[in-house]
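Engineer: Next comes the sequence, and after it the predicted model I'd like to discuss.
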Amino acid sequence: MAAVTHVIDHPLVQHKLTVLRKKSTSTSKFRGILREIALLLCYEVTRDLRLTSTRIETPLQPMDAPTLDGKKLCFVSVLRAGNGLLEGMLDLVPSARVGHVGLYRDPDTLEAVEYYFKVPSHLDEREVIVVDPMLATGHSAAAAVARLKEAGAVHIRFVCLLAAPEGIASFHEAHPDVPIYTAAIDDGLNEKAYIVPGLGDAGDRMFGTK
Ligand SMILES: O=P(O)(O)OC[C@H]1O[C@H](OP(=O)(O)OP(=O)(O)O)[C@H](O)[C@@H]1O
Ligand SMILES: O=c1cc[nH]c(=O)[nH]1
Ligand SMILES: [Mg+2]
């Protein structure tokens with residue numbers, strides 16, 4: 001299967017991303033803009049969802065009108081930083097089901113370490129949209145998706161804000177069936193495997209930790 005990466009180049013997304021990158025952006029502004037950008041990313045990642053037809057009554061007459069087909073969407077947040085994207089996605093799709101995968105990146109090995117996993121039932125019948133703002137080495141995203149596949153997920157998409165070419169390559173190698181949606185592909189990784197130019201540590205910037 002051909003691995004696909006979509007870059008969401010909408011001007012509002014690009015402008016908001018620049019605000020997030022600036023080191024002068026405060027924690028509260030960072031959180032607010034991330035929520036706004038997530039809503040726009042959600043609009044793009046859901047653009048090809050299947051529709052069915054439902055009989056409704058307008059004030060004037062009956063009609064067959066389009067509605068989303070199948071079971072409710074499932075968003076999966078990769079903790080912690082995924083929660084920043086999750087909020088904006090839920091603004092747009094409030095009825096979505098939500099799963100959480102708790103992972104942190106070991107600073108020495110750069111491997112993903114899992115500490116939490118909870119997902120809704122019937123994953124195999126849902127469109128599963130995994131959210132994490134940063135795709136750096138790709139280890140966290142690949143581990144999260146592997147766990148979701150183990151739990152039964154079949155139709156999976158991955159949404160981030162920033163991706164490094166290295167992360168895209170390793171993620172696609174592990175999961176060629178899972179498309180990536182990102183607002184930008186940056187230059188690469190620094191010696192600590194941070195995305196450059198990037199925006200720093202997404203979790204720390206979002207929650208004011210260090
Ligand atoms: O592609 P990778 O090299 O795996 O790096 C990306 C991961 O790093 C960050 O999480 P972090 O480990 O800092 O955890 P946090 O969200 O709790 O801060 C980010 O949110 C991703 O999950
Ligand atoms: O650049 C990076 C890489 C991993 N995690 C982050 O939050 N930022
Ligand atoms: Mg972090």
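Structural biologist: On my side now, so go ahead. Ligands and ions are numbered 1, 2, ... in the order given.

Engineer: what pLDDT does the nearest residue to L90 once chain neighbours are set aside get?
Structural biologist: Nearest non-adjacent residue to L90, counting by Cβ to Cβ, 6 or more residues apart in numbering: A96, 6.3 Å away. Placement of C-beta: from N, CA and C, glycine included. The score at A96 is 97. That number is its pLDDT.

Engineer: you'd agree A96 is up against F75?
Structural biologist: Yes. Contact status for A96 versus F75: in contact at 5.1 Å, counting by Cβ atoms under 8 Å.

Engineer: Common neighbours of those two, please.
Structural biologist: Common neighbours of A96 and F75 are listed as 89-90 (criterion: Cβ atoms under 8 Å, 6 or more residues apart in numbering).

Engineer: So between the two, which is more surrounded?
Structural biologist: F75 (25 against 19; other Cβ atoms under 10 Å).

Engineer: In its sheet, which strands sit next to the helix or strand harbouring that one, and in what direction?
Structural biologist: If you go by DSSP states H and E, F75 is part of strand 74-79. Applying DSSP bridges, strand 74-79 is found paired with strand 97-105 (parallel), strand 127-131 (parallel).

Engineer: For that strand, what is the distance to the chain centroid?
Structural biologist: Averaging C-alpha positions (Cα atoms, centre = their mean, to the nearest Å) puts strand 74-79 7 Å from its chain's average.

Engineer: Now do the contacts for L49.
Structural biologist: 68-69, 73, 127.

Engineer: got it, and V4?
Structural biologist: 179-180.
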